[in-house]
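A.B. asks: the amino acid sequence is not available; the structure is as follows:
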């Protein structure tokens, strides 16, 4: 069982930056694929970024070049550095984990955090 707790969300002006953190419980964190997803009001949950146990990363086109996912296995934490934020980045951001699935489909991830709100004002 893995428990995930996100933090770091908030209100920021367009062009600003935020860093989200996701702290995970469990001794096998380093073996999990970790992902970030987001959900805006009235929209489906969408893929943002993922990182494998070997630190291979993959990004949605909408955030490529602006967001960076990373992980610190000594702290059981995954991060999402978000730069040059845009109003369309406004959403609840969720951390997800899975022991085997490396992909963009939210339905495939076994574990989810409660989410953290990111609001970007214009």
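C.D. replies: Yep, it's here. Worth saying up front: this structure is predicted, and the values here are computed from it rather than measured.

A.B. asks: so how far is residue 18 from residue 10?
C.D. replies: In this structure, residue 10 lies at 6 Å from residue 18, with Cβ to Cβ, to the nearest Å as the measure. C-beta: built from backbone N, CA, C; applies to glycine.

A.B. asks: any residues in contact with both of these two?
C.D. replies: Common neighbours of residue 10 and residue 18 are listed as residue 118 (criterion: Cβ atoms under 8 Å, 6 or more residues apart in numbering).

A.B. asks: more neighbours: which of those two?
C.D. replies: residue 18 (20 against 13; other Cβ atoms under 10 Å).

A.B. asks: in contact with that one, which residues?
C.D. replies: Taking Cβ under 8 Å, 6+ apart as the test, what residue 18 contacts is 8-10, 12, 82, 85, 118.

A.B. asks: in strands, which of those appear?
C.D. replies: Among the contacts of residue 18, the members falling in strands are 10, 12, 82, 118 (criterion: DSSP state E).

A.B. asks: top of those by neighbour count?
C.D. replies: The residue in these with the most neighbours, by other Cβ under 10 Å, is residue 82 (26 neighbours).

A.B. asks: and that residue, bridged to which residues?
C.D. replies: Note on residue 82: beta-bridge partners residue 18, residue 67, judged by DSSP bridges.

A.B. asks: same thing with residue 59?
C.D. replies: Beta-bridge partners, per DSSP bridges, of residue 59: residue 49.

A.B. asks: just checking, it touches residue 67?
C.D. replies: Yes: under the criterion of Cβ atoms under 8 Å, residue 59 makes contact with residue 67 at 6.4 Å.

A.B. asks: between those two, which is the more surrounded one?
C.D. replies: Taking other Cβ under 10 Å, residue 59 and residue 67 do not tie; residue 67 has more neighbours (21 against 18).
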